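Asker: turn this into a structure:
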Amino acid sequence: MNDTTKTIAGGPTPLHRPAFTTKGYTLETAADIVAIQQLLARYSHLLDSDTSDPKQIALLFAPDGEVLPAYEGDAVYKGREAIEKWFANYLFHSRKGSKLRRHLISSIRIEVDGDKGWAFSMLDAQGIQLANNKLAFFIGSYEDDLVRNGDRWFFQRRRVSLDYSWQAPEYTLCRNGKQIWDGAVEK
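Answerer: Numbers count the residues shown, from 1 in each chain. Below is the predicted model:
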């Protein structure tokens, strides 16, 4: 943990940028909030797809946007080209080392002020690790500065933090309610 995030009971609280409060909700801010929710969801779906292209993820960022994978250290990847390269590396290793990945976001807080926005969401990621056939969980958060360009919202700065991870002792894989894998031997 670094000095920009403090842990409190119940998890981290964002401190690297002061939060602002939406100045009253209107139909326009409600539409902005829905558009931002869709941006967050699109990002998660692209991370989990076995066919997604890192360029598509980079296009969710403003041209001068940044991604900060805080769990790796202090590196900042700025601009769509650098973001695309980082996600190409991330997706290569993720797809090589796991399957059935899921990024889930919850407790989403979104603030809007004109063409700028801010979001904080809890992250629960999971996937079956191929090296040991264990179901692994990663718990953390996303903290986003957002910008609207025309009628679209983009990540200006996305900070990804991981608080902890753990592995399930066993699991059952099902498809449409029918067990197809007992966690030990794929059927």
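Asker: Ser121: neighbouring residues, count only.
Answerer: The tally of other residues near Ser121 (other Cβ atoms under 10 Å) stands at 19. Using the backbone N, CA and C atoms, a C-beta is placed for each residue, glycine as well.
Asker: how near is it to Val34?
Answerer: Noted for Ser121: a distance of 15 Å to Val34, by Cβ to Cβ, to the nearest Å.
Asker: how about Ser49?
Answerer: Here Ser49 is placed at a distance of 22 Å from Val34 (Cβ to Cβ).
Asker: same check on Glu170?
Answerer: Where Val34 is concerned, Glu170 sits at a distance of 39 Å (Cβ to Cβ).
Asker: in the longest helix seen in the chain, what's buried?
Answerer: For the chain, the helix reaching the highest residue count under DSSP state H is reported as helix 27-48. Using 16 or more other Cβ atoms under 10 Å as the test for burial, helix 27-48 gives 29, 32-33, 35-37, 39-40, 43-44, 46-48.
Asker: export these to TSV and tack on distance to Phe154 and pLDDT?
Answerer: TSV is the format used below for the buried residues of helix 27-48 (distance: Cβ to Cβ, whole Å; pLDDT from 0 to 100):
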residue	distance to Phe154	pLDDT
Thr29	17	84
Asp32	12	94
Ile33	15	93
Ala35	10	97
Ile36	10	97
Gln37	14	96
Leu39	7	98
Leu40	12	97
Tyr43	11	96
Ser44	16	94
Leu46	14	93
Leu47	17	90
Asp48	20	88
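Asker: all strands of the chain, in order?
Answerer: 5-8, 11-14, 61-69, 77-78, 98-113, 116-129, 134-149, 152-167, 173-175, 178-181 (DSSP state E).
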